[in-house]
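Peer 1: okay, predicted coordinates and the sequence, questions at the end:
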Amino acid sequence: MNAHALPDHYLITPEPACSAERTAFMTRLAQALSSGVRLVQLRAKSLSPEAYVCLAADALRLCREHGARLILNPPAAARLVGLAGIEADGIHLSSVRLITCRARPVGPDRLLSAACHNREQLLHAGRIGADLVTLSPVLPTASHPEATPLGWEGFAELVSAAQVPVYALGGMQTQHLARAKEAGAQGIAAIRGLW
């Protein structure tokens, strides 16, 4: 994936508490897309496969209406791409799943995103042909308060070894975009900061 084709902002959706919250979730997603978000990771690991497929179908429709790309992130995302009418743009691998992959789990016509937290994971993502990665946590984050932040210097040092476009994740807000780019990032990824 050409880094120039990737946007500056990568929205990772918050986990919907249940499928009953789907209307409110879709309203918030529509607002984020209307504000200019063009890359979305649908993160909903707690939903049943059936509920996830329904949510993904609705999210994909909204993304298409706004010219945005949708990346799936349930544990079985690779099986869902192209199934049940969900022609999503790609899948996301957790850092655990990334390290177990010996080859790219999707074809070149789909985006492969991966979560990275260290140099080994960044290098492995490059070896298997990931198109983009998130590197976290850069700053303290409410979603992982126990994690030690990399800080901007640590982030920049790791990004310099990366062979794929890197999104800064962890405590990111839109005002961090310029600082992230100075550190070598493609852009910022966020849940709360873009939702």
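Peer 2: Right, received. Where do you want to start? Numbers count the residues shown, from 1 in each chain.

Peer 1: quick one, grab the pLDDT at the nearest residue to residue 111 once chain neighbours are set aside.
Peer 2: Spatial nearest neighbour of residue 111, excluding adjacent residues (CB to CB, 6 or more residues apart in numbering): residue 90 at 2.9 Å. No exception for glycine: its C-beta is placed from N, CA and C like everyone else's. In the prediction, the pLDDT value recorded for residue 90 is 92.

Peer 1: what of residue 70?
Peer 2: On the pLDDT scale, residue 70 gets 96.

Peer 1: also residue 21?
Peer 2: Listed pLDDT for residue 21 reads 78.

Peer 1: ok so it is a helix residue?
Peer 2: Yes: membership of residue 21 in a helix is supported by DSSP: H, G, I helix; E, B strand; the rest coil.

Peer 1: what's the burial count for it?
Peer 2: Burial of residue 21, expressed as a neighbour count using other CB atoms under 10 Å, amounts to 12.

Peer 1: which ones are touching it?
Peer 2: Residues near residue 21 by CB atoms under 8 Å, 6 or more residues apart in numbering: none.

Peer 1: so how far is residue 87 from it?
Peer 2: According to CB to CB, to the nearest Å, residue 21 and residue 87 sit 25 Å apart.

Peer 1: ditto for residue 72
Peer 2: Residue 72 is 11 Å from residue 87, where distance means CB to CB.

Peer 1: before we move on, the earlier item: you'd agree the residue nearest to residue 111 is up against residue 71?
Peer 2: Yes: the pair residue 90 and residue 71 qualifies as a contact (CB atoms under 8 Å) at a distance of 4.6 Å.

Peer 1: give me the pLDDT for residue 183.
Peer 2: Looking at residue 183, its pLDDT is 98.

Peer 1: does it touch residue 159 like I think?
Peer 2: Yes: shown here, residue 183 and residue 159 form a contact pair, counting by CB under 8 Å, at 6.2 Å.
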